[in-house]
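Engineer: make a model of this:
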Amino acid sequence: MASSNSSFFLFITTLTALLLPSPLLAANSKLFREYIGAEFTGVKFSDVPINPSVSFHFILAFAIDYTTSSPHNPTNGRFNIFWDSSNLSPAQVAAIKKSHGNVRVALSLGGDSVGGSPAYFTASSVDSWVNNAVSSLTTIIKQYNLDGIDIDYEHFKADPNTFTECIGQLLTKLRQNGVIKFASIAPFDDSQVQSHYLALWKKYGHLIDYVNFQFYAYDKSTTVSQFLSYFEKQSSNYNGGKVLVSFASDGSGGLTPDKGFFTACDTLKKQGKLHGIFVWSADDSKKIGFRYEKQAQSLLASAKSSLASTKVLVDLM
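Structural biologist: Model prediction:
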């Protein structure tokens, strides 16, 4: 009888260990994110294939604190819509979220350019910028029934501390007011960009859910091993953060899907480090039938549950 009890205890212990997610398995995620609307190609939410087994975030690109009329001038935190709002309207946000329960929609701030010139982050003062930003963004977010915010400023006419306080206080107030459910940042490997985002991360990283690191900003000759090295470096820089991997569907830079991006993803997945994938952008992907979006979501959705391992154990018993 003692021997039988001992065997049963061993079985239960092993079964429990398999049912509980390991630290590695728990680190992987089924999050897929895609920027949309910046290039005015007429792409719609409904054009993009959505796998029901992933968590899908559309990111509207961009809201910018510049005037909409030319010449475009900075407005000290008063944000305006610069995405393709005729094809990506509040009604279309409501429709895609109603038809796909796994979809959330966010907006991104800043971007690379406005009217063909750099879109600079600039602020008259921290208090005035934050007050204007909270007011204008709350209006847009509620109008579109959006879920989150992404910070993608790439050019700066303010020091890292001013940027940190403006963005940090903005995120604090939007969260406190219940306006947003999640936030992300979108840095890339440039000394000025990194100095601003790392300062923000150091002080307000607890408010940032995802790091949309622009791995496609690296050279287009990037190899799989180099990509994995870059990932480790940026994971160290944004220590404790969920650093998402990324590719540009126009093939303009970084490790592209046809050169081994998904091989690198498989490696990270085996290591329990695949926190999600994001794509720049749906506007470009439309031209090639969203083939890589389908592949990326399939990879994310294919994570095996511990129940499969449990079945193997039971079969062996």
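Engineer: going forward, measure contacts between C-alpha atoms and count neighbours the same way
Structural biologist: OK.
Engineer: and the closest residue to Thr223 other than its chain neighbours, how far is that from Ser191?
Structural biologist: Leaving aside its chain neighbours, Thr223 sits nearest to Leu255 (6.4 Å; criterion: C-alpha to C-alpha, 6 or more residues apart in numbering). Per C-alpha to C-alpha, to the nearest Å, Leu255 is found 21 Å from Ser191.
Engineer: have a look at these two and say which one is more surrounded.
Structural biologist: Higher neighbour count among Leu255 and Ser191: Leu255, with 27 against 8, using other C-alpha atoms under 10 Å.
Engineer: how close does the most centrally placed residue in the chain get to Ile185?
Structural biologist: Relative to the mean C-alpha position of the chain, the nearest C-alpha, by C-alpha atoms, centre = their mean, is the one of Asn212, at 4.4 Å. According to C-alpha to C-alpha, Asn212 and Ile185 sit 6 Å apart.
Engineer: buried ones in stretch 187-202?
Structural biologist: Pro187, Phe188, Asp189, Val193, Gln194, His196, Tyr197, Leu198, Ala199, Leu200, Trp201 (16 or more other C-alpha atoms under 10 Å).
Engineer: surely the fifth one touches Ala186?
Structural biologist: No: with contact defined as C-alpha atoms under 8 Å, Gln194 does not count as touching Ala186 (10.2 Å).
Engineer: on that earlier part again, ok, now which ones touch the residue nearest to the centre of the chain?
Structural biologist: Residues near Asn212 by C-alpha atoms under 8 Å, 6 or more residues apart in numbering: Ser184, Ile185, Ala186, Pro187, Val243, Leu244, Val245, Ser246, Phe278.
Engineer: beta-bridge partners for it, please?
Structural biologist: Beta-bridge pairing for Asn212 (DSSP bridges): Leu244.
Engineer: if I look at it, how far off is Asn132?
Structural biologist: 25 Å.
Engineer: Lys173 now?
Structural biologist: With C-alpha to C-alpha as the criterion, Lys173 and Asn132 are 12 Å apart.
Engineer: okay, these two: which has more neighbours?
Structural biologist: Asn132 (18 against 15).
Engineer: identify each buried residue in the one helix or strand that one maps to, please.
Structural biologist: Element membership of Asn132, judged by DSSP states H and E, is helix 126-144. Using 16+ other C-alpha under 10 Å as the test for burial, helix 126-144 gives 126, 129-134, 136-138, 140-141, 144.
Engineer: that helix packs against which elements?
Structural biologist: The criterion is 3 or more C-alpha pairs under 8 Å, 6 or more residues apart in numbering; DSSP states H and E, and the helices and strands that helix 126-144 contacts are helix 90-99, helix 160-176.
Engineer: now the angle from that helix to helix 90-99?
Structural biologist: Inter-element angle recorded for helix 126-144 and helix 90-99: 70 degrees (by axes from the mean of the first three to the mean of the last three C-alpha atoms, to 10 degrees).
Engineer: which helix or strand lies directly C-terminal to helix 126-144?
Structural biologist: Sequence-wise, the next helix or strand downstream of helix 126-144 (DSSP H and E) is strand 148-153.
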